[in-house]
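Visitor: Provided below for reference: sequence and predicted model.
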Amino acid sequence: MHKEAELKINAVQGRVVVKVPASTANMGPGFDSLGMALSLYAWVSMAPAEKTRITLFGDNLDGVPQDKTNLIYEVAQSVFERAGAEVPELDIGIRSDIPLTRGLGSSASAIVGALFAANALVGSPLSEDELFQMATAIEKHPDNVGASIFGGIIAAAWDGERADYVRIEPPAGMDVLVAIPAFELETKKARNVLPKTLPMQDAVFNVTHSSLLTAALFSGRLDLLGRAMRDKMHQPYRAALIPGMETILKEATQHGALGAVLSGAGPTLLLLARSGDAANEGLVAFVRDTMAREGIDVSTRWLEPCLHGPRVRVVGFDDPAYAMEPHQVLALAGAEVSV
Ligand SMILES: Nc1ncnc2c1ncn2[C@@H]1O[C@H](COP(=O)(O)OP(=O)(O)OP(=O)(O)O)[C@@H](O)[C@H]1O
Ligand SMILES: N[C@@H](CCO)C(=O)O
């Protein structure tokens, strides 16, 4: 049992609300390593209860379980177990602007939201690093969870036992265009199409380009992104699952993008562009037209890198918001950018 937890169990008398950013993983060649937090969010509210209740809020959570098989409930229990606390019944509210199974880190945001909410609920006995280690062990790749926890860009490596990372401040003046196809693609399916081994020359291509990309991001060399974001490890194998992707990745820089990649395991495509560039409208049209020619409905959205990780707010018993239903607290949280 975690000693501090013995003293602090149920230290929070109220409801915890956590706001977590979405994330994009890989950034092209940095497979399972490079991630960036995005200005799109999910919220988790959590309070002890007599009987478990899980309330879903918004349009993006269709099919998410509302019983104890829910990912957020399960992850919360792993925090209590680690901390030596017992909170078997929970009142959980979930709201998400991050579409599920689209390559924008919805599962990572749920895991991170659950870890931070449960930890806060029992008095924060686990450090940020412990939460990052747990998140990585659950999600299996640190790029999404690292970005959601630390914000900005992270370069991470996990050897199956410990994950290490360095956070990079995103270069200024860079906007993010996401093109989200109307169809779902589970990470599991998109990993199953990858080969078990790679030709040496492709492995070398990825190591060199991932290093170049990390250094370019670190030093603000936006001019290098188009070439540095090329990949031979996963995108060529996943292209068959996402009609239009190959053309967009190949031609995006001719339409003004700094670089273009598959976001995480897809199917969302992510394009980096200079903020306020006159070419940006044309870039959106190029992406939409290319996908339309393949018969794919796509919704496009401009985002920014998110510079922070989870925002945690405790709604105490005397807070008027405490009497609200979880979804009302989450509606409130959605309106309050400071949460
Ligand atoms: N807020 C949530 N609450 C509970 N479960 C969730 C939540 N968000 C995501 N999940 C679970 O995660 C699954 C999606 O995970 P998956 O890894 O396939 O996609 P993703 O995380 O959106 O994409 P990627 O990992 O490529 O960025 C959902 O089907 C659901 O089971
Ligand atoms: N790095 C992972 C991200 C998915 O969560 C992949 O591309 O499979």
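Guide: Right, received. Where do you want to start? Ligands and ions are numbered 1, 2, ... in the order given.

Visitor: tell me the contacts of the nearest residue to Val64 once chain neighbours are set aside?
Guide: Residue nearest to Val64 in three dimensions, not counting chain neighbours: Leu56, with 5.9 Å by C-beta to C-beta, 6 or more residues apart in numbering. Just so you know, the C-beta spots here come from the backbone N, C-alpha and C atoms, and that holds for glycine as well. Counting by C-beta atoms under 8 Å, 6 or more residues apart in numbering, Leu56 touches Val64, Gln66, Ile94, Arg95, His327.

Visitor: least confident of those?
Guide: The lowest pLDDT within the contacts of Leu56 belongs to His327, with 58.

Visitor: got the residue ranges for the strands in this structure?
Guide: 14-25, 34-48, 53-57, 90-96, 153-158, 163-168, 174-181, 259-262, 269-274, 298-303, 311-316 (DSSP state E).

Visitor: what's the burial count for Arg167?
Guide: 17 (other C-beta atoms under 10 Å).

Visitor: excluding chain neighbours, what is closest to it?
Guide: That would be Phe150: by C-beta to C-beta, 6+ apart, it lies 4.8 Å from Arg167.

Visitor: isn't Ala190 right up against Ser263?
Guide: No. Using C-beta atoms under 8 Å as the test, Ala190 is too far from Ser263 to be in contact (11.0 Å).

Visitor: more crowded one of the two?
Guide: Comparing Ala190 with Ser263 by neighbour count (other C-beta under 10 Å), the higher total belongs to Ser263, at 26 against 21.

Visitor: which residues of the stretch 51-200 of the chain lie near ligand 2?
Guide: Contact residues (C-beta under 6 Å from any ligand atom) of the stretch 51-200 of the chain with ligand 2: His141, Asp143, Asn144, Thr187, Ala190, Arg191.

Visitor: leaving out the residues flanking it, which one is nearest to the fourth one?
Guide: Leaving aside its sequence neighbours, Thr187 sits nearest to Ala265 (C-beta to C-beta, 6+ apart; 4.2 Å).

Visitor: now swap in the last one and tell me
Guide: If the residues on either side of it in the chain are set aside, Arg191 comes closest to Ala265, at 6.5 Å by C-beta to C-beta, 6+ apart.

Visitor: contacts only, for that neighbour.
Guide: So Ala265 contacts Ala25, Gly103, Leu185, Glu186, Thr187, Ala190, Arg191, Arg238 (C-beta under 8 Å, 6+ apart).

Visitor: for Val79, same thing?
Guide: Val79 touches Ala114, Leu115, Ala118, Asn119, Val122, Leu126, Met134, counting by C-beta under 8 Å, 6+ apart.

Visitor: please name the nearest non-neighbouring residue to the second one.
Guide: Think Leu115. Using C-beta to C-beta, 6+ apart, the closest residue to Leu115 is Leu131 (4.7 Å).

Visitor: so that neighbour is in contact with Ile149, correct?
Guide: Yes. Assessed by C-beta under 8 Å, Leu131 is found in contact with Ile149 at 6.7 Å.

Visitor: contacts for the helix ranked longest in the chain?
Guide: For the chain, the helix that runs over the most residues, judged by DSSP state H, is helix 200-219. Here helix 200-219 makes contact (C-beta under 8 Å, 6+ apart) with 27-31, 33-34, 153, 155, 168, 170-171, 221-222, 224-225, 227-233.

Visitor: at 10 Å instead, please
Guide: Applying C-beta atoms under 10 Å, 6 or more residues apart in numbering, the external contacts of helix 200-219 come out as 26-31, 33-34, 36, 152-153, 155, 166, 168-171, 174, 195, 197-199, 221-225, 227-234, 236, 259, 261, 272.

Visitor: give me the angle between that helix and strand 153-158.
Guide: Note on geometry: by axes from the mean of the first three to the mean of the last three C-alpha atoms, to 10 degrees, helix 200-219 and strand 153-158 are set 140 degrees apart in direction.
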